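J.: make a model of this:
(one chain, ligands or ions: 2)
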Amino acid sequence: MRDVMHYSVAGDIAVFGIDNPPVNGLSQAVRAGLQAAFQRALEDTTVDAIVIHSCTGSFSAGADIAEFASGNFNTQPELPALLEAIEASPKLVIAAIDGMALGGGLELALACDYRIAASAAKLGLPEVSLGILPGAGGTQRLPRLADPATALEMIVSGRPVTAQAASEAGFVDRLHTADTPLLDAAVSYARELLAANAPRLSCSEMLIDTAALPADFFTDRRLEAARRQRGFQAPQRCIDAVEAACTLPFADGLARERALFAQCVTSPQARAQQHVFFAERAAARIPGVGADTPPRDIARVAVIGAGTMGGGIAMNFINAGIPTVLLDLSEESLQRGLDAIRNNYAISVSKGRLDASRVEQCLGLLQATTQYADIADADLVIEAVFERLDIKQNVFRTLDEVCKPGAILASNTSTLDLDAIAAVTSRPQDVIGLHFFSPANVMRLLEVVRGARTAPDVIASAQKVARRIGKLPVVVGVCFGFVGNRMLEPYGREAMRMLLEGASPAQIDRVLTDFGLAMGLCSMSDLAGIDVSYLTRQGNRAAIAHDPGYGFIGDRLYEKGHYGQKTGQGFYLYAGRQRSENPEVEEIAATAAAELGIARREISEEEILERCLFPLVNEGARILEEGIACRASDCDLIYVNGYGFPAWRGGPMHYADETGLDVILAGMQHYRDQLGEYGAMWFEPAPLLERLVAEGGTFRDFDRGAEIDKR
Ligand code: 3HC
Ligand code: NAI
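T.: Ligands and ions are numbered 1, 2, ... in the order given. Coordinates of the predicted model:
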């Protein structure tokens with residue numbers, strides 16, 4: 001078995017080296033190794049001080065997250081008790097931090113007497129993003145070593161800080177800036193401390209100065225967290241724990257932290273958020289694309305179409321320092337696009353998120369043109385012109401002529417058949433879909449659409465460049481709407497149908513936001529543009545023609561030129577920042593219901609939620625069975641990062657697993673039978689859903705069954 005803890009002695013210093021790749025997770029084996037090493041150093045009378053460092057180049061990413069689900073995090077020795085023992089050590093203990101010290105990793109360092117950190121190191125307590133709080137003393141020690149406000153901000157946001165910031169805040173004692181090995185510097189530092197007879201510094205003996213905190217400090221932070229992290233429980237528990245640090249003796253504070261941790265660690269929210277964590281890592285594994293597939297170099301990018309999406313897409317690349325050419329048909333369109341980009345930057349500057357010189361740097365990387373000759377040397381071209389197959393095919397014919405061999409040709413289409421686009425080129429292996437979400441410079445999700453002939457190295461390149469520009473790439477297959485918009489279709493269909501049956505936009509939106517979605521369906525339609533969903537329906541008329549009520553209200557609003565927020569009228573009326581119900585929607589709905597013979601009635605909140613969510617999940621099951629998504633957790637990532645689905649519910653497929661697939665199936669069958677002809681049209685359960693229920697399986701099990709190539 002691999003030795004995860006190395007013990008050595010250099011003169012009077014014992015050196016513990018943690019060696020548990022990839023991230024030095026504090027698994028049971030590491031904890032046991034640490035305990036044994038500590039015991040040995042205490043017993044060795046030649047040892048006066050201990051240095052704990054990493055053999056892997058990164059200190060530790062904290063507790064082994066997989067142990068939360070297995071329950072192994074509770075197996076002996078437990079981290080909190082181990083850290084208390086280290087803190088009580090009669091011999092000086094020094095942490096040597098390089099790379100990352102996160103979660104339990106930072107907590108280990110905080111339990112030491114002194115900390116030396118490489119200047120490039122990052123230190124943080126990201127537990128909150130896993131639905132938990134630091135559970136090995138972090139909430140009690142950090143407010144003592146730094147100040148409570150800094151500690152609270154780090155713990156509630158989960159954001160790591162630089163070694164420099166940690167040093168200024170007081171929880172790093174020495175910065176290692178020289179180009180020499182950190183371990184050598186740490187051993188010298190230990191000797192220096194011994195020579196100076198430096199005191200042991202235990203947090204248990206430190207008091208917190210709360211005098212500088214405003215009276216309503218914790219109340220205000222709770223309200224702020226409730227607003228910014230709506231629906232999430234962990235931030236509130238983090239605040240409870242830091243408040244305990246400020247009001248209770250150290251030992252009682254630790255006990256309070258323990259109790260709060262125990263409350264969170266087995267909660268459904270923690271399960272959901274940890275599911276999302278592992279889902280993000282799983283999404284990087286793509287069948288047929290080996291981890292060693294060499295990506296193509298992407299040094300220059302071109303974007304075709306300077307509209308809403310093209311402008312945002314170009315911003316991503318120039319923000320990441322990649323020279324980008326933006327091409328449109330006319331100088332006027334280009335100018336409009338450039339104005340929109342400048343306006344976006346100006347907003348960021350006015351909000352203090354960017355400084356003006358940085359904006360100039362980015363804009364310096366952007367070239368605008370109407371000439372295809374200017375994109376001939378681009379390594380990646382992303383087309384974002386109008387959503388019409390013939391127009392896109394023409395653009396790709398031109399790209400095929402002008403682009404250099406090996407250039408990756410991508411389309412941002414949201415619904416069109418990527419293979420039909422690739423087919424007009426002589427190089428379908430170089431064609432891929434890169435489906436950005438609006439606003440493209442903000443939204444983290446990127447659906448990477450794999451065509452029938454897309455080459456593995458083109459997919460690997462897309463994954464790599466996506467991460468370089470800060471996106472989360474999720475690979476999907478070709479079908480109408482890919483994964484996100486295809487699953488959205490039945491969800492939107494039901495919301496619209498229930499307007500005809502008697503619900504109001506505000507009622508539907510309230511049910512969905514109460515569930516945790518960032519926005520209700522009607523608000524989302526108004527924001528994205530009623531024209532956009534209308535045009536999508538136009539591209540799919542044959543598939544919906546049998547349902548005369550399909551998208552009825554949206555079609556009427558479109559015909560009247562009421563496109564939502566951009567025209568001031570849609571499912572709601574907009575006046576400046578004010579929004580009110582649009583009585584026109586109720587009129588259209590009532591008239592249409594009479595025409596179509598739909599009985600209007602009061603619809604319960606439960607029915608609204610189920611009719612929106614169950615078909616969404618059902619479509620996810622079809623997508624999985626067809627292999628359009630590699631795994632259910634990919635659908636979850638797409639919904640959490642592209643459609644405002646609450647991360648604390650883990651995404652729609654995880655939500656379905658937690659709810660019970662039998663409940664989802666029974667719901668589908670219920671509405672199929674209850675809604676008559678309409679129900680028969682749209683509520684047929686997916687075969688995979690039926691099969692999993694019959695077998696007692698889950699979407700998660702189905703993932704495990706998938707043969708994912710891990711080469
Ligand atoms: N436990 C278990 N596995 C972990 C892990 C952890 N803490 N951190 C990362 N991993 C695994 C990943 O799942 C991945 O596995 P895979 O290759 O099989 O998919 C592998 O390590 C590499 O991770 P990444 O792909 O994320 O590597 P990166 O280099 O991109 O990122 C990282 C490294 C910044 C450390 C990132 O992995 C990360 O943020 N990890 C989580 C850190 C965290 O949340 N720590 C707190 C843990 S909870 C805790 O400590 C509780 C305590 O208070 C008691
Ligand atoms: P848009 O109408 O804002 O911009 C399209 C731009 O393309 C215009 O500036 C137009 O002049 C230019 N253009 C048209 N034909 C061209 C050609 N032959 N050569 C060069 N430029 C040409 O459209 P938008 O919203 O930016 O959409 C673009 C693409 O992105 C579409 O495929 C759309 O489906 C997709 N998309 C749109 C999203 C949205 O929310 N708007 C979200 C995700 C994808």
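J.: the strands in the stretch 301-450 of the chain, which residues?
T.: Here the stretch 301-450 of the chain has its strands, by DSSP state E, counting those that start in this stretch, at 301-304, 324-327, 366-369, 380-383, 408-411, 431-436, 445-449.
J.: quick check: which of those is nearest to ligand 1?
T.: Across the strands of the stretch 301-450 of the chain, ligand 1 has its closest neighbour in strand 445-449 (16.4 Å, Cβ to the nearest ligand atom). Where you see a C-beta, it was placed from the backbone N, CA and C, and this is true even at glycine.
J.: so does that closest one get close to ligand 2?
T.: No. Legend: contact between strand 445-449 and ligand 2 by Cβ under 6 Å from any ligand atom is lacking; minimum distance shown is 9.1 Å.
J.: buried sites along the helix or strand following that strand?
T.: Using DSSP states H and E, the next helix or strand after strand 445-449 towards the C-terminus is helix 456-468. Residues 456-466 are the ones in helix 456-468 that count as buried (16 or more other Cβ atoms under 10 Å).
J.: repeat for stretch 290-297
T.: 293, 295-296.
J.: quick one: end-to-end distance for it.
T.: Between the opening and closing residues of stretch 290-297 there is a gap of 17 Å (Cα to Cα, to the nearest Å).
J.: now tell me what touches it from outside.
T.: 285, 379, 406, 408, 456-461, 463-465, 709-711 (Cβ atoms under 8 Å, 6 or more residues apart in numbering).
J.: go back to these and keep what's next to ligand 2.
T.: By Cβ under 6 Å from any ligand atom, no member of the contacts of stretch 290-297 lies near ligand 2.
J.: right, is stretch 307-318 up against ligand 2?
T.: Yes. On the criterion Cβ under 6 Å from any ligand atom, stretch 307-318 is in touch with ligand 2 at 307-310.
J.: CA atoms only: put stretch 153-164 into PDB for me.
T.: Provided in PDB are the C-alpha atoms of stretch 153-164 (Å, rounded to 0.1, in the frame of the first residue of the first chain):
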ATOM      1  CA  GLU A 153     -16.000  36.700   4.600                       C
ATOM      2  CA  MET A 154     -13.700  33.800   3.700                       C
ATOM      3  CA  ILE A 155     -15.800  31.100   5.300                       C
ATOM      4  CA  VAL A 156     -19.200  32.400   3.900                       C
ATOM      5  CA  SER A 157     -17.900  33.100   0.400                       C
ATOM      6  CA  GLY A 158     -15.600  30.000   0.300                       C
ATOM      7  CA  ARG A 159     -13.200  32.100  -1.800                       C
ATOM      8  CA  PRO A 160      -9.500  31.400  -1.200                       C
ATOM      9  CA  VAL A 161      -7.100  34.200  -0.700                       C
ATOM     10  CA  THR A 162      -3.500  34.700  -1.800                       C
ATOM     11  CA  ALA A 163      -0.600  34.000   0.600                       C
ATOM     12  CA  GLN A 164       0.100  37.800   0.600                       C
END
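J.: quick one: it to chain centroid distance?
T.: Computed by Cα atoms, centre = their mean, to the nearest Å, the chain-centroid distance of stretch 153-164 equals 18 Å.
J.: any buried residues in that stretch, and which?
T.: 154-158, 160-163.
J.: okay, and A69 sits in which element?
T.: Assigned by DSSP H and E, A69 falls in helix 66-70.
J.: buried ones in that helix?
T.: Residues of helix 66-70 classed as buried: 67-68 (neighbour count, 16+ other Cβ under 10 Å).
J.: next structured bit after it?
T.: Counting by DSSP H and E, what follows helix 66-70 is helix 79-87.
J.: ok, back up a step: pLDDT-wise, what's the bottom of the residues of stretch 307-318 next to ligand 2?
T.: Least confident entry in these, by pLDDT: T308, with 91.
J.: my read: that one touches F436, true?
T.: No. Taking contacts as Cβ atoms under 8 Å, T308 lies outside contact range of F436: 10.4 Å.
J.: higher neighbour count, these two?
T.: The neighbour count for T308 versus F436, taken as other Cβ atoms under 10 Å, is higher for F436 (25 against 16).
J.: which residues touch the one residue in the stretch 551-700 of the chain that gets nearest to ligand 2?
T.: When distances are taken as Cβ to the nearest ligand atom, the stretch 551-700 of the chain reaches nearest to ligand 2 at G642, 9.6 Å away. Applying Cβ under 8 Å, 6+ apart to G642 gives the contacts 437, 443-445, 447, 484.
J.: what's the pLDDT at the nearest residue to it once chain neighbours are set aside?
T.: Nearest non-adjacent residue to G642, counting by Cβ to Cβ, 6 or more residues apart in numbering: L445, 3.6 Å away. pLDDT for L445: 98.
J.: what's the burial count for the residue of the stretch 251-400 of the chain found nearest ligand 2?
T.: For the stretch 251-400 of the chain and ligand 2, the shortest gap (Cβ to the nearest ligand atom) falls at G307, measuring 1.7 Å. Other residues near G307 come to 16 when the count uses other Cβ under 10 Å.
J.: got the residues of the protein near ligand 1?
T.: The chain comes close to ligand 1 at residues 22-23, 25, 61-66, 79, 100, 102-104, 107, 126-127, 130, 134-136, 138, 281, as judged by Cβ under 6 Å from any ligand atom.
J.: just how off-centre is the helix or strand in which V663 is found within its chain?
T.: Secondary structure from DSSP H and E places V663 in helix 661-674. Centroid separation for helix 661-674 versus its chain: 31 Å, with Cα atoms, centre = their mean.
J.: packing partners of it?
T.: helix 605-626, helix 676-682, helix 687-695 (3 or more Cβ pairs under 8 Å, 6 or more residues apart in numbering; DSSP states H and E).
J.: buried residues in that helix?
T.: Across helix 661-674, burial judged by 16+ other Cβ under 10 Å covers 661, 664-665, 667-668, 671-672.
J.: turn the residues you listed into CSV, columns for pLDDT and distance to ligand 2.
T.: Listed next are those as CSV, based on pLDDT from 0 to 100; distance: Cβ to the nearest ligand atom, whole Å:
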residue, pLDDT, distance to ligand 2
L661, 98, 31
I664, 98, 28
L665, 98, 32
G667, 98, 30
M668, 98, 29
Y671, 98, 30
R672, 98, 32
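J.: re earlier: now, among the buried residues of helix 456-468, which is nearest to T415?
T.: A462 (19.1 Å; Cβ to Cβ).
J.: OK, contacts around the closest one?
T.: With Cβ under 8 Å, 6+ apart, A462 has these contacts: 408, 410, 432, 434, 448, 473.
J.: any chance of those in CSV, plus pLDDT and neighbour count?
T.: Below are those laid out as CSV (pLDDT from 0 to 100; neighbours: other Cβ atoms under 10 Å):
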residue, pLDDT, neighbour count
I408, 98, 28
A410, 98, 31
I432, 98, 25
L434, 98, 23
V448, 98, 23
P473, 98, 23
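J.: quick one on the thing from earlier: most tightly surrounded among the helices and strands packed on helix 661-674?
T.: Ranked by mean neighbour count, the helices and strands packed on helix 661-674 are led by helix 605-626 with a mean of 22 (mean count of other Cβ atoms under 10 Å).
J.: just want the angle from that one to helix 687-695.
T.: Computed with axes from the mean of the first three to the mean of the last three Cα atoms, to 10 degrees, the direction of helix 605-626 lies at 100 degrees from that of helix 687-695.
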